[in-house]
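Chemist: sequence unknown, structure follows:
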């Protein structure tokens, strides 16, 4: 029922704008409005704070269905979870009440600030500093590749509070867009997900109250990594949706397109491609849903499954979208058809929230 209702909403309110959002590289406001109106913009927020209280699997299904028609729009529910999960996992009750309520209502969005110009895969090498000053912390630094930066009102920011301790000297904070000293770089010009703004976040002597720290001092990096164990599954869901959208479109196309006097769907070479695409998508879906169940239960092997789902589903998405372009032939290479957009959108799922090379390191360290 959830899938059916989200799919019909996406088909009616999000799909019609997907090509324009990509072409104009503009934020998908129509998608945000539709998702907020149907309480699907941040379904993971617990009911205690006014949220829908969706479990990890329901959240995955929502993201998957939005991504099936528009990958840029699927970053609304996905990044709202990524940005706010540190607060849910480690924040004080006061912090949860203050920031999760507006998020649940749709009055605010949440972004996640971990990466920096010189700290990507080596996130523990970050330079952003937070210095205690009385009842406040003063933050200085630059965060790079921040999804929905400039649109989101709230930012979970990781910053160094004790440079001697490396990862154990990193703390997490909630920074607000309106805090003095917060500014944003120009939107990045990207290959795909063009409707989701990616910008640098500049912190220039940003003074925030000490009670905006998430958890205890020095626990920020552990919270960041724990968050990713759960949210990598949302990237798997996004990849899954993109792949499914590409397969669905290609399947319809090959039944209509005629060559040598019959639909190209009648040719065995084409049938084998479609069979492989469907098989791989289903394998990715089973792994992703199993990982979502583990996320809900916080199983001990979650780290492995989260990394495996993200890695496998994103590799499948890249393969399936490339094959979808191939099946459409010359048409697939044009912007008049959606599969070239899906192919461009799929690529980022192999890179963000930890490259697939890093996912393989994570898996190797956490073999079940």
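Modeler: Everything's here; your move. Note that this is a predicted model, so its numbers are computed, not measured. Numbering: from 1, shown residues only.

Chemist: pLDDT on stretch 256-273, on average?
Modeler: The predicted model gives stretch 256-273 an average pLDDT of 98.

Chemist: ok, and for stretch 209-227, which residues are buried?
Modeler: 212-215, 217-227 (16 or more other CB atoms under 10 Å). Every residue, glycine included, has its C-beta placed from N, CA and C.

Chemist: Okay, and which of the residues you listed map to strands?
Modeler: Under the assignment DSSP state E, the buried residues of stretch 209-227 contribute 213-214 to strands.

Chemist: which one of the buried residues of stretch 209-227 is nearest residue 193?
Modeler: residue 227 (20.3 Å; CB to CB).

Chemist: residue contacts, the closest one?
Modeler: Residue 227 is in contact with 82, 85-86, 89, 112, counting by CB atoms under 8 Å, 6 or more residues apart in numbering.

Chemist: what about it, distance to residue 295?
Modeler: Residue 227 sits 11 Å away from residue 295, going by CB to CB, to the nearest Å.

Chemist: hang on, the earlier thing: and which of the buried residues of stretch 209-227 is nearest to residue 64?
Modeler: For the buried residues of stretch 209-227, the nearest to residue 64 is residue 227 (20.0 Å; CB to CB).

Chemist: For the closest one, give its distance to residue 38.
Modeler: From residue 227 to residue 38 the distance is 26 Å (CB to CB).

Chemist: What number of residues are in the vicinity of residue 356?
Modeler: By the criterion of other CB atoms under 10 Å, residue 356 has 16 neighbours.

Chemist: That one against residue 313, yeah?
Modeler: No: Residue 356 is not in contact with residue 313 according to CB atoms under 8 Å; the separation is 10.3 Å.

Chemist: So which residues of the stretch 101-250 of the chain form helices?
Modeler: For the stretch 101-250 of the chain, the helices defined by DSSP state H, counting those that start in this stretch cover 220-256.

Chemist: Which single one of the buried residues of stretch 209-227 is nearest to residue 255?
Modeler: Once CB to CB is applied, the member of those that ends up nearest residue 255 is residue 227, at 43.1 Å.

Chemist: Surely residue 75 forms part of a helix?
Modeler: Yes: assessed by DSSP: H, G, I helix; E, B strand; the rest coil, residue 75 belongs to a helix.

Chemist: Identify the residues contacting it.
Modeler: 147-148, 193, 196, 238.

Chemist: Try it again at 6 Å.
Modeler: Residue 75 is in contact with 147, 196, counting by CB atoms under 6 Å, 6 or more residues apart in numbering.

Chemist: does the residue nearest to residue 45 when sequence neighbours are not counted sit in a helix, a strand or a coil?
Modeler: Nearest residue to residue 45, sequence neighbours excluded (CB to CB, 6 or more residues apart in numbering): residue 51, at 2.5 Å. Put simply, residue 51 is coil when judged by three-state DSSP.

Chemist: wait, doesn't residue 51 sit right on residue 104?
Modeler: Yes: with contact defined as CB atoms under 6 Å, residue 51 counts as touching residue 104 (3.9 Å).

Chemist: Setting aside sequence neighbours, what's the nearest residue to residue 72?
Modeler: residue 195 (3.0 Å).

Chemist: on that earlier part again, in JSON lines, list the contacts of residue 227 along with pLDDT, distance to residue 204 and secondary structure.
Modeler: Formatted as JSON lines, the contacts of residue 227 follow (pLDDT from 0 to 100; distance: CB to CB, whole Å; DSSP: H, G, I helix; E, B strand; the rest coil):
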{"residue": "82", "pLDDT": "98", "distance to residue 204": "24", "secondary structure": "helix"}
{"residue": "85", "pLDDT": "98", "distance to residue 204": "27", "secondary structure": "helix"}
{"residue": "86", "pLDDT": "98", "distance to residue 204": "23", "secondary structure": "helix"}
{"residue": "89", "pLDDT": "98", "distance to residue 204": "29", "secondary structure": "helix"}
{"residue": "112", "pLDDT": "98", "distance to residue 204": "20", "secondary structure": "strand"}
